[in-house]
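> just the structure for this:
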Amino acid sequence: MELEKLKEIIADVLNVEVNDITEDTTFVDDLGADSLDIFQIIMGIEETFDIEIDNDDAEQISTVGDAVEQIKNATNNN
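Numbers count the residues shown, from 1 in each chain. Predicted coordinates for the structure are as follows:
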């Protein structure tokens, strides 16, 4: 469930097809995201899942799978 919602956020921010996004997709290399794009995606994640990802954790996110793990970790702590 987290992956599907996350793919929608990414597709919306980066203007890409949802079907082009997998857990192995990298934000920078595969999707061409810059730091502002990644910031917008993280803001979307925080709003959608009602969580907070601190800056150190956000810097560790390079793939869609990394973001899913951050979401799971944050939602399990609530």
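
> how much space between Val64 and Val18?
Counting by CB to CB, to the nearest Å, the gap from Val64 to Val18 is 11 Å. Every C-beta, even on glycine, is put in place using the N, C-alpha and C of the backbone.

> sorry, that was for Asp37
16 Å.

> ditto for Glu69
From Glu69 over to Val18 (counting by CB to CB), the distance is 20 Å.

> show me the shaky parts of this protein.
77-78 (pLDDT under 70).

> show me where it has helices.
Here the chain has its helices, by DSSP state H, at 2-14, 35-49, 55-59, 64-76.

> and the contacts of the longest one?
This means helix 35-49. Applying CB atoms under 8 Å, 6 or more residues apart in numbering, the contact partners of helix 35-49 are 2, 5-6, 9-10, 12-14, 27-28, 31, 33, 51-53, 58, 61, 67, 70-71, 74-75.

> quick check on those residues: which are buried?
Buried members of the contacts of helix 35-49, counted by 16 or more other CB atoms under 10 Å: 2, 6, 9-10, 13-14, 27, 31, 33, 53, 58, 61, 67, 70-71, 74.

> and the residue nearest to Thr22 when sequence neighbours are not counted, how many neighbours?
Closest residue to Thr22 apart from its sequence neighbours, by CB to CB, 6 or more residues apart in numbering: Val64 at 6.6 Å. By the criterion of other CB atoms under 10 Å, Val64 has 22 neighbours.

> pretty sure Val64 contacts Asp29?
No: using CB atoms under 8 Å, Val64 is not in contact with Asp29; the gap is 11.9 Å.

> state the distance from the residue nearest to the spatial centre of the chain to Ile42.
Per CA atoms, centre = their mean, the C-alpha nearest to the average position across the chain is that of Ala67, at 4.5 Å. Distance, Ala67 to Ile42, by CB to CB: 8 Å.
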